[in-house]
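Enquirer: Pasting the sequence and the predicted model now:
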Amino acid sequence: MKTKRIGILTGGGDVPGLNSVIKSVVYRGWEHGAETVGIRRGFEGLTHVDLDDPASTAKYILPLTRENTRTIDRHGGTVLHSTRVGPARVRHLPAHLHDKPLEATEGKGGITFDLTEVVLKNLERMGIDALICIGGDGTLKSAAQLSKRGVRVMGIPKTMDNDVRSTEYCIGFSTAISRATAAIDRQRTTIGSHERIGIFRIFGRDAGFTALYTAHATSNRCVIPEHKVNLDKLITLLLEEKRENPSNYALVILAEGATWDGYEVQEFGRVDALGRRKKASVAQVFADEIAHRTNEETIVSDLTYDLRSGDPDFIDKLVGSTFGTMALDALFAGDSGKMSAIVNGCYQVVPLPSPELGARRVDVATMYNTDRYRPLYGNKVGLPIFLNPERD
């Protein structure tokens, strides 16, 4: 099947490197005589657009050219904007769909509507031959669902958590580690000046890769969702490290999904489009525990959103542009229902991961020192740079 009109969207949270993907698709498509259509605001652009309304069309559909994408790869974020809307679970209907017979489901957080049929009709009306979806587990799950409905789809994994199955690397991960490392090293001066314990909260709802690799790069302790630590032991280790440090301070990095004996992750706020609520700051809870058990003072720093801001680093530019070209080349070769990936250190095109498997998680046995609450630094020969061999 010839591919002459390609749709592309970015879903979920933004990360540096997304614009590199978009530009590479536009330029590679141009070389093959294909037109690229940007779908704005993620899947909301396909569920909420009213193609009979010029204003709605202008809001959600953006033709992409070499001219309007020429410099976008130099900057972070996504020029297409993003939401967490998924076609199968839409919470708020646009006005033009209010009187349509739609399948509704009562679930966590209220009623949702399945707008998959709406998406299929909009893709057909726009003449889109294939769709490239850039995102994490939620976006790639929606891509897999559309693939089962006959849409020609390619996925591109992006998430600072680096927890998408079937790939060793996701766009945004390297820049997140670079940002976190720089922020922590800057704050050492303040934490050391006041002789305190510095506590840093980092993204990682379900997987601890970002916290683990930041701890590795900065030589600090960390707590990850995959292992529940002993709180008294962790505090003892930090106090020992603080005493042994000539500047009399210590640091620890907590993934947002980190936990310990007697603590359950706390959530707050409204349920989002994926049925999830925000997690309360585990760093502040940990600081309160230190204050309750010792006389030590702490400095708490939430690095979460700072990690996804700003321009991409070299790796995310390189991998982003390569992933985009790979996805388009796969479509031109007749592939569908697959994803750009890195496997055993090499670029590969692999099937979209099964949504039922959930997030990829740290292999504690080979990557985390459960006695010292640190990354494992040795025995790396034969292992990939970023991830352990995948285990289901």
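Expert: Structure received.
Enquirer: Wait, a strand at Phe68?
Expert: For the record, residue 68 is Asn, not Phe. No: judged by DSSP: H, G, I helix; E, B strand; the rest coil, Asn68 forms no part of a strand; its state is coil.
Enquirer: Now the residue nearest the centre of the chain. Nearest residue, chain neighbours left out?
Expert: In the chain, the residue lying closest to the centroid (Cα atoms, centre = their mean) is Thr159, at 2.1 Å. Distances taken as Cβ to Cβ, 6 or more residues apart in numbering place Gly136 nearest to Thr159, at 3.8 Å, with adjacent residues excluded. The way it works is simple: take the backbone N, C-alpha and C, and place the C-beta from them, glycine included.
Enquirer: Could I get the phi/psi values of Leu254?
Expert: Main-chain torsions, Leu254, degrees, to the nearest 10: phi -120, psi 130.
Enquirer: isn't the residue nearest to the centre of the chain right up against Thr167?
Expert: No: using Cβ atoms under 8 Å, Thr159 is not in contact with Thr167, being 10.3 Å away.
Enquirer: what helix or strand does Ile111 sit in?
Expert: In this structure, Ile111 sits in strand 110-114 according to DSSP states H and E.
Enquirer: Buried by neighbour count: which residues of that strand qualify?
Expert: For strand 110-114, burial by neighbour count (16 or more other Cβ atoms under 10 Å) applies to 112-114.
Enquirer: Pull the contacting residues for Gly192.
Expert: Shown in contact with Gly192 (Cβ atoms under 8 Å, 6 or more residues apart in numbering): 247-249.
Enquirer: Please repeat the previous calculation with a cut-off of 10 Å.
Expert: Counting by Cβ atoms under 10 Å, 6 or more residues apart in numbering, Gly192 touches 198, 245-251.
Enquirer: In stretch 43-61, which residues are buried?
Expert: By neighbour count on 16+ other Cβ under 10 Å, the buried set for stretch 43-61 is 43-50, 56, 59-61.
Enquirer: Same check on stretch 237-249?
Expert: Residues of stretch 237-249 classed as buried under the neighbour-count rule (16+ other Cβ under 10 Å) are 237-239, 241-242, 249.
Enquirer: my guess is Tyr377 meets Ala217, correct?
Expert: No: contact criterion Cβ atoms under 10 Å: Tyr377 and Ala217 do not qualify, at 11.3 Å.
Enquirer: Which of the two has more residues huddled nearby?
Expert: Per other Cβ atoms under 10 Å, whichever of Tyr377 and Ala217 has more neighbours is Ala217, with 16 against 9.
Enquirer: Where does pLDDT dip in the stretch 51-200 of the chain?
Expert: Across the stretch 51-200 of the chain, the ranges flagged by pLDDT under 70 are 109.
Enquirer: now the strands for the stretch 251-392 of the chain?
Expert: 267-268, 278-279, 298-302, 338-343, 346-351, 368-369, 374-375 (DSSP state E, counting those that start in this stretch).
Enquirer: and the fourth one, average pLDDT?
Expert: In this model, strand 338-343 has a mean pLDDT of 96.
Enquirer: which secondary structure elements does that strand contact?
Expert: strand 130-135, helix 137-148, strand 153-157, helix 314-332, strand 346-351 (3 or more Cβ pairs under 10 Å, 6 or more residues apart in numbering; DSSP states H and E).
Enquirer: try 6 Å
Expert: helix 314-332, strand 346-351 (3 or more Cβ pairs under 6 Å, 6 or more residues apart in numbering; DSSP states H and E).
Enquirer: Find the residue closest to Asp53 in space, skipping its chain neighbours.
Expert: Nearest residue to Asp53, sequence neighbours excluded (Cβ to Cβ, 6+ apart): His96, at 7.2 Å.
Enquirer: actually Ser281, sorry about that
Expert: Leaving aside its sequence neighbours, Ser281 sits nearest to Arg201 (Cβ to Cβ, 6+ apart; 5.8 Å).
Enquirer: what's the helix or strand hosting that neighbour in contact with?
Expert: Element membership of Arg201 [criterion: DSSP H and E] is strand 197-202. When contacts are defined by Cβ atoms under 6 Å, 6 or more residues apart in numbering, strand 197-202 is touched by residues 180, 191, 210-211, 238, 250-255, 281, 283, 286-287, 296, 298-303.
Enquirer: Quick check: what element follows it along the chain?
Expert: As assigned by DSSP H and E, the chain's next helix or strand after strand 197-202 is helix 209-218.
Enquirer: that older thread, sort out which of the contacts of strand 197-202 are buried, if you could.
Expert: For the contacts of strand 197-202, a burial check counting by 16+ other Cβ under 10 Å picks out 180, 191, 210-211, 238, 250-255, 281, 283, 286-287, 296, 298-301, 303.
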